[in-house]
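*Asks:* Build me a structure from this.
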Amino acid sequence: MVARTVLRLGIIAKLAASVAAVLTTLLITLATAGAAELPADIRARGTLRASINAIYPPMEYKDLASGKLVGLDVDLGEAIADKLGLKIVWSDSAFEQLLPSLQTGRADFVISALNDRPERRASFDLIDYLRTGPQFYVLKDSPAQVPTDLCGKTVGTSRSTSLPNQIADWSRQTCEAGGKPAIEVVGMSSNLDARAALKQTRINAAAQGSETLPYAMSQDVGVYRPLGAPFATGYQAIAIAKTNPQLTAAVADALAALIADGSYQRVLEKWNLGAHALDTVLLNGEPRS
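*Replies:* Modelled structure (predicted):
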């Protein structure tokens, strides 16, 4: 009797597991149903050409031991290509060449910690996939205790990003509006250079995206500390030329499928950025219609 009961319970458990697996597959199938078709040339080629600037860990950088591209954007780009049934081909370019590579047809899409900025939307569709925001940081023994302590001080940041303008805007709205001197923004070739300048005390503080700051601090334990919360909010986006709406739809559908099946969240958590996840795909800062 006991043996039969155990057997029946085992059968019930297996049936429950089978039903759960079927339901999971059904949900994923529904999420990907009606997915947009790829452009014919990309489908025939079998590859998705991605442009990246691999100097922004943990988003994208080269592993020193292997020389391979690694990072959140690399993993997510690979997952999107796989979902589309394509192989991804990476091109490591200077940041200033990323968007032009779409206009010249050298790349199909850009996934490289690119901020969704309104002025970019005239020429590019921006598929938002990560919540971000700029954040100040200082040396651990800095006298600055709150962000307004930086008014009238020098703050370094990468000149090729939107950060110089964001810092200047914050300075006008917070420092100058409060009767304090403006921050002097010091443009640098990269965030790595800004951190080096801060360590050498050539500047008073630095700023970079909140998604990269924990990684940067882990490379120099006990050297820096964040100052306040991120002082603006925004999104990082995949960029595709406005002239290629079919690819935009296909990539957005692939990303939605990755969110639905949990792959997207796993990629973010692998890089300790699960808190920066979006619940749904945004297109040019808005939910897709």
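
*Asks:* SS state for Val155?
*Replies:* strand (DSSP: H, G, I helix; E, B strand; the rest coil).

*Asks:* List the contacts of it.
*Replies:* 136, 167, 183-186, 203-207 (Cβ atoms under 8 Å, 6 or more residues apart in numbering). All C-beta spots, glycine's among them, are computed from the backbone N, C-alpha and C.

*Asks:* which non-adjacent residue is nearest Met59?
*Replies:* Ala113 (4.2 Å; Cβ to Cβ, 6 or more residues apart in numbering).

*Asks:* Let me know the distance separating the one you found from Asp193.
*Replies:* Per Cβ to Cβ, to the nearest Å, Ala113 is found 17 Å from Asp193.

*Asks:* between those two, which one's more packed in?
*Replies:* Ala113 (25 against 17; other Cβ atoms under 10 Å).

*Asks:* Verify the stated contact: that one with Asp73.
*Replies:* Yes - with contact defined as Cβ atoms under 8 Å, Ala113 and Asp73 form a contacting pair (6.5 Å).

*Asks:* So for those two, which residues contact both of them?
*Replies:* 59-60.

*Asks:* Could you tell me how many residues sit around Val70?
*Replies:* By other Cβ under 10 Å, the residues close to Val70 number 16.

*Asks:* isn't it right next to Met59, touching?
*Replies:* No - with contacts counted by Cβ under 8 Å, Val70 stays clear of Met59, the gap being 10.0 Å.

*Asks:* Could you look up the SS state of the closest residue in space to Phe124 that isn't next to it in sequence?
*Replies:* Leaving aside its chain neighbours, Phe124 sits nearest to Ala239 (4.6 Å; criterion: Cβ to Cβ, 6+ apart). Assigned with three-state DSSP, Ala239 falls in the strand class.

*Asks:* got a list of what Ala239 touches?
*Replies:* Contacts of Ala239 (Cβ under 8 Å, 6+ apart): 98-99, 102, 109-111, 114, 120, 124-127.

*Asks:* bridging residues for it?
*Replies:* Val110, Leu126 (DSSP bridges).

*Asks:* Give me the domain ranges for the protein.
*Replies:* Domain segmentation of the chain under automatic domain parsing yields 1-33, 37-128+235-287, 134-227.
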